[in-house]
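1. Just need the structure, nothing else, for what follows:
(chains A and B)
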There are 2 protein chains.
Amino acid sequence: MTTLLPRPVSFARGEGEFRGDPRPEVRLVAGEPEGYRLEITPERVLVEASDEAGAFWAEQTIRQLRGPDAFRAAPLRPGPAVLPACTVVDRPRFAWRGCMIDVARHFLPKHDLLRYVDLLAAHKLNVLHLHLTDDQGWRFEVKRYPALTEVGSWRPESRLGDRRGGLVNARPHGGFYTQDDLREVVAYAAQRHVTVVPEIDVPGHSQAAVAAYPALGLHGGGVWTDWGVNPRVLDVGPETLEFYRNVFDELVDVFPSTVIGLGGDEVPDQGPEHGAFVRALAAHLTGRGRRPYGWDEIAESGPLPHDVIIASWRGEEQGVAAVREGHDVVMCPEQHVYLDYRQSDLPSEPIPVGTVLGVEDVYRYSPVPPEITGDEPGRVLGAQANLWTEHVDSPRRLDYAAFPRLSAFAEVVWGTAGDPAFLDRLTTHHLPRLDALGVEYRPLAGPRPWQSLPGVPGFPR
Amino acid sequence: MTTLLPRPVSFARGEGEFRGDPRPEVRLVAGEPEGYRLEITPERVLVEASDEAGAFWAEQTIRQLRGPDAFRAAPLRPGPAVLPACTVVDRPRFAWRGCMIDVARHFLPKHDLLRYVDLLAAHKLNVLHLHLTDDQGWRFEVKRYPALTEVGSWRPESRLGDRRGGLVNARPHGGFYTQDDLREVVAYAAQRHVTVVPEIDVPGHSQAAVAAYPALGLHGGGVWTDWGVNPRVLDVGPETLEFYRNVFDELVDVFPSTVIGLGGDEVPDQGPEHGAFVRALAAHLTGRGRRPYGWDEIAESGPLPHDVIIASWRGEEQGVAAVREGHDVVMCPEQHVYLDYRQSDLPSEPIPVGTVLGVEDVYRYSPVPPEITGDEPGRVLGAQANLWTEHVDSPRRLDYAAFPRLSAFAEVVWGTAGDPAFLDRLTTHHLPRLDALGVEYRPLAGPRPWQSLPGVPGFPR
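-> Numbering: from 1, shown residues only, chains lettered A, B, ... in the order given. Model prediction:
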């Protein structure tokens, strides 16, 4: 039994302790991607890593071995680092260990986004999927179309809680990232071996763009102030296609990620022309040397090129079908990894929506459904947890929604979940690390008094 | 003319540029406290500093000379740093260059507080005064009295805007720092030559403590949910004094600052017993080797020991009187440096309170009133800007209130204000630095649409 999270593939305690500078000697050796072997003796700290990423994950392991205060921004007390002598052999099962953050429904300031990069890296998660646009806001500066952020980046009010409750938050909300802001996030993440995968969502979830450029839509209207599936979608004619080709050209100029998201979810009255629009943009991205990435609906409106990656969110069967069709798939079924869903059935749970999804429920999730045998033409690349933010309007509330469920997810996707002592390890060793990091996670017993939102309606399922 | 802010004492452009690693060679030489001489030639970057702080301020100057992108968390593009050849000779006029943040009315998460340490340091400000307790919340963990944070750190609702508007924000609010959290902030700040000066406010502004331990007060009641001067103050008997001696003992154990704040402002029906209570706590701090620091009212309720430092907030005359009485004084008159006051008379200004205090008004402030000749027994140590947070309920709103006025204040207190081209220098060179830092400052032309708060009542004077 170790204190580490995610649990490594193997851990063997040695004799004695190392005291001194915890920075390891690093050797690059042949091995599996992102793998490492860490050997700590009283004399030295040695890392043999397959690649730079493996060496970086080894450093995260070393930090965990030092104790919670190693996660603070400055040392509380003088003295050398103390590490237990041990040997850790480790590698991830999945190459895609992701978290999606919806910065469209509620904007997350850049410095908070950088903090989330650090939090993902500390959990050996390696993909940050940024949902940059939606009906309620456009967050990506496009130099050719400045109104996208001038008009589309803010709304005068918002729905407060679930729409069926009829409440309104009268406070304006807005914000956007400049292209240089996002280049900075990409560079910061790359230093931590996290890939930032951007998404511009089309042809639904596009009302903020229509608000800025009404010709893109059929029905006009401002940046949407409600939540839910919006009946207004893009007018997917040739001019709109040209517009979005230009938008995606600026997007790929900022984001070096091979994988680029184009959305495709929740299109009411979806017709062949919507599928053709998505396929045309997918082809455009392929022509730019990128791999298109879309929500699972895009596999249902006509034949897709096999290089398109599918995010299986409505359930697992969509992912199974896509793998059988020859697509690579990222699993993110809402039933298991939607971190906006309520964490318990306590009445004190803030804005309870969706099904109950506690930390143990997330821990029980397994990214490869049993129907997949490995003989399919496509592959399961991994999984990602999705943080939708209709009801998450501040970084403090994001901490509450994300943690500690994202800690459980990290172990799921590293591939070492199934430890019956996980909750004890989480409670005894990992929550103190989150405390040291200043993460305002949900306590396992329920929300703190100021984490509740009495009177704000949810819609539990 | 330079691009720097605060403007240095002298700047001379040299010939050519330095390209390479911008970390300077540092030599410690005799000189005035915090002073430095920076010499950049095409061959080298040399700093001669009087002390470690001077060397650190020189590094901030170098960062400014590199251009705005030097303030990003990761480099946008590869390549060496480019610095103009120049000679800078510099030193601060005042030893106390402070900013007070009220983390009691609205809690500021630890990572946001650390970010503010960085922002102060980038402006060569060197004192962070933390207002840790007030009627509306207690933010400092006291191990002997756990209910101070268990009960006193949250409130079920808050007044929304000025109390005379009658609106309520029904969202619970709370949070607190553990002692280790604050040790971390202190250590992080010390690395940046910023001293953290804590304040526990007595005998007024204490309703959160009374909520936790009703015997401390005369009238009971919960954590206050309104703003303003609270008629309920401490029952300043011997048991309350003993309680606070214990509280301050834990405070000085966490904060190494010589100066420790004990409040003393806005005590309704102030009587001699309130003055005696403050003096007894001041003596207790002196006995612990610290210098008590209080708001200017404490100089009016009986004779104070001369080692007590006075914060002159109601105006300048209180500071003048205290200096004549032999006290050291920190100037922070509300008319000039209260950064919660409205920044313009635009109707779009969010929750406009107080008098208009624009960036140019702050820039015109001078910390030493003309009545002070220098022959008084006390001294003006410097000044601090105060960020009260009744109407500042998030880090984004704090950015709006603080910047760019705090940038103007930094030049005032460095002692080099009076540059007619200040606004041009701010606009052309410094706002891009704030953009790179992700500071959501108030644009000089007025708030962005999402920075307004229509319908939330203020109370302009």
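2. can we go C-alpha only for contacts and neighbour counts from here?
-> Noted.
3. For the most centrally placed residue in chain A, which residues count as its bridge partners?
-> In chain A, the C-alpha nearest the mean C-alpha coordinate belongs to A:Cys99, at 1.6 Å (C-alpha atoms, centre = their mean). According to DSSP bridges, the residues that bridge with A:Cys99 are A:Leu128, A:Ala385.
4. Isn't it up against A:Val127?
-> Yes - shown here, A:Cys99 and A:Val127 form a contact pair, counting by C-alpha atoms under 8 Å, at 6.3 Å.
5. now the residue nearest to the centre of chain A: how far from B:Ala55?
-> According to C-alpha to C-alpha, to the nearest Å, A:Cys99 stands 41 Å off from B:Ala55.
6. Same check on A:His205?
-> 52 Å.
7. Comparing those two, which residue is more hemmed in?
-> When A:His205 and B:Ala55 are compared for neighbours, A:His205 comes out ahead with 27 against 24, by other C-alpha atoms under 10 Å in any protein chain shown.
8. And for the residue of the stretch 301-450 of chain A at minimum distance from chain B, the neighbour number?
-> Closest residue of the stretch 301-450 of chain A to chain B, C-alpha to the nearest C-alpha: A:Trp450 (4.8 Å). Other residues lying near A:Trp450 total 18 when counted by other C-alpha under 10 Å.
9. per-residue confidence at it?
-> As predicted, A:Trp450 sits at a pLDDT of 98.
10. Could you chop chain A up by domain?
-> If you go by automatic domain parsing, the domain ranges for chain A are A:10-90, A:96-442+A:449-460.
11. Kindly compare burial across those domains and name the winner.
-> Most buried of these, by mean neighbour count (mean count of other C-alpha atoms under 10 Å in any protein chain shown): domain A:96-442+A:449-460, with a mean of 21.
12. Below-threshold pLDDT in the stretch 351-461 of chain A: ranges please.
-> For the stretch 351-461 of chain A, not a single residue meets the criterion pLDDT under 70.
13. Show me which residues of it sit near chain B.
-> Contact residues, the stretch 351-461 of chain A versus chain B (C-alpha under 8 Å from any C-alpha of the partner chain): A:Ala436, A:Gly438, A:Pro449, A:Trp450, A:Gln451, A:Ser452, A:Leu453, A:Pro454.
14. Pull the contacting residues for the third one.
-> Right, A:Pro449. B:Trp154, B:Pro156, B:Pro172, B:Gly174 (C-alpha atoms under 8 Å, 6 or more residues apart in numbering or on different chains).
15. Need these in JSON lines (columns: distance to A:Pro352 and pLDDT).
-> JSON lines is the format used below for those (distance: C-alpha to C-alpha, whole Å; pLDDT from 0 to 100):
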{"residue": "B:Trp154", "distance to A:Pro352": "22", "pLDDT": "98"}
{"residue": "B:Pro156", "distance to A:Pro352": "19", "pLDDT": "98"}
{"residue": "B:Pro172", "distance to A:Pro352": "16", "pLDDT": "98"}
{"residue": "B:Gly174", "distance to A:Pro352": "20", "pLDDT": "98"}
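16. from the middle of its chain, how far away would stretch A:49-62 be?
-> 21 Å (C-alpha atoms, centre = their mean, to the nearest Å).
17. Give me the contact list for it.
-> Contacts for stretch A:49-62 (C-alpha under 8 Å, 6+ apart): A:4, A:22-24, A:26-38, A:47-48, A:83, A:91, A:121-124, A:192-193.
18. Need the CA coordinates for that stretch. PDB is fine.
-> Provided in PDB are the C-alpha atoms of stretch A:49-62 (Å, rounded to 0.1, in the frame of the first residue of the first chain):
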ATOM      1  CA  ALA A  49      12.200   7.500 -17.800                       C
ATOM      2  CA  SER A  50      11.000   6.500 -21.300                       C
ATOM      3  CA  ASP A  51      10.600  10.100 -22.300                       C
ATOM      4  CA  GLU A  52      10.400  13.700 -20.900                       C
ATOM      5  CA  ALA A  53       6.800  13.100 -19.900                       C
ATOM      6  CA  GLY A  54       7.700  10.000 -17.900                       C
ATOM      7  CA  ALA A  55      10.400  12.000 -16.100                       C
ATOM      8  CA  PHE A  56       7.800  14.700 -15.300                       C
ATOM      9  CA  TRP A  57       5.300  12.200 -13.900                       C
ATOM     10  CA  ALA A  58       8.100  10.800 -11.700                       C
ATOM     11  CA  GLU A  59       8.700  14.300 -10.300                       C
ATOM     12  CA  GLN A  60       5.000  14.400  -9.400                       C
ATOM     13  CA  THR A  61       5.400  11.100  -7.600                       C
ATOM     14  CA  ILE A  62       8.400  12.500  -5.700                       C
END
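19. Now that stretch: average pLDDT?
-> 98.
20. in what helix or strand does the nearest residue to A:Tyr365 once chain neighbours are set aside lie?
-> Closest residue to A:Tyr365 apart from its sequence neighbours, by C-alpha to C-alpha, 6 or more residues apart in numbering or on different chains: A:His336 at 6.3 Å. Assessed by DSSP states H and E, A:His336 sits inside helix A:334-337.
21. elements contacting that helix?
-> Counting contacts by 3 or more C-alpha pairs under 8 Å, 6 or more residues apart in numbering or on different chains; DSSP states H and E, helix A:334-337 packs against helix A:359-363, strand A:380-387.
22. my read: A:Leu38 touches A:Val88, true?
-> Yes - assessed by C-alpha under 8 Å, A:Leu38 is found in contact with A:Val88 at 5.0 Å.
23. Next up, the contacts around A:Val196.
-> By C-alpha under 8 Å, 6+ apart, the neighbours of A:Val196 are A:Val127, A:Leu128, A:His129, A:Leu130, A:Val185, A:Val186, A:Ala189, A:Phe255, A:Ser257.
24. meant to ask about A:Glu141, not that
-> A:Leu148, A:Thr149, A:Phe176, A:Tyr177, A:Thr178, A:Gln179.
25. residues from the stretch 201-350 of chain A in reach of chain B?
-> So the stretch 201-350 of chain A never meets chain B (C-alpha under 8 Å from any C-alpha).
26. What segments of the stretch 201-350 of chain A are helices?
-> A:207-212, A:238-254, A:272-287, A:317-325, A:334-337 (DSSP state H, counting those that start in this stretch).
27. nearest to A:Leu444, of these?
-> Comparing the helices of the stretch 201-350 of chain A against A:Leu444 with C-alpha to C-alpha, the closest turns out to be helix A:334-337 (17.4 Å).
28. which residues sit against that closest one?
-> Contacts of helix A:334-337 (C-alpha under 8 Å, 6+ apart): A:Trp313, A:Arg314, A:Gly315, A:Thr355, A:Leu357, A:Asp361, A:Val362, A:Tyr365, A:Gln384, A:Ala385, A:Asn386, A:Phe409.
29. gap between it and the chain center?
-> Counting by C-alpha atoms, centre = their mean, helix A:334-337 comes out at 13 Å from the chain centroid.
30. Extract the C-alpha trace of it and format it as PDB.
-> Extracted C-alpha coordinates of helix A:334-337, given in PDB (Å, rounded to 0.1, in the frame of the first residue of the first chain):
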ATOM      1  CA  GLU A 334     -22.400  11.500 -18.700                       C
ATOM      2  CA  GLN A 335     -23.500   8.700 -16.400                       C
ATOM      3  CA  HIS A 336     -20.000   8.300 -15.100                       C
ATOM      4  CA  VAL A 337     -17.800  11.400 -15.600                       C
END
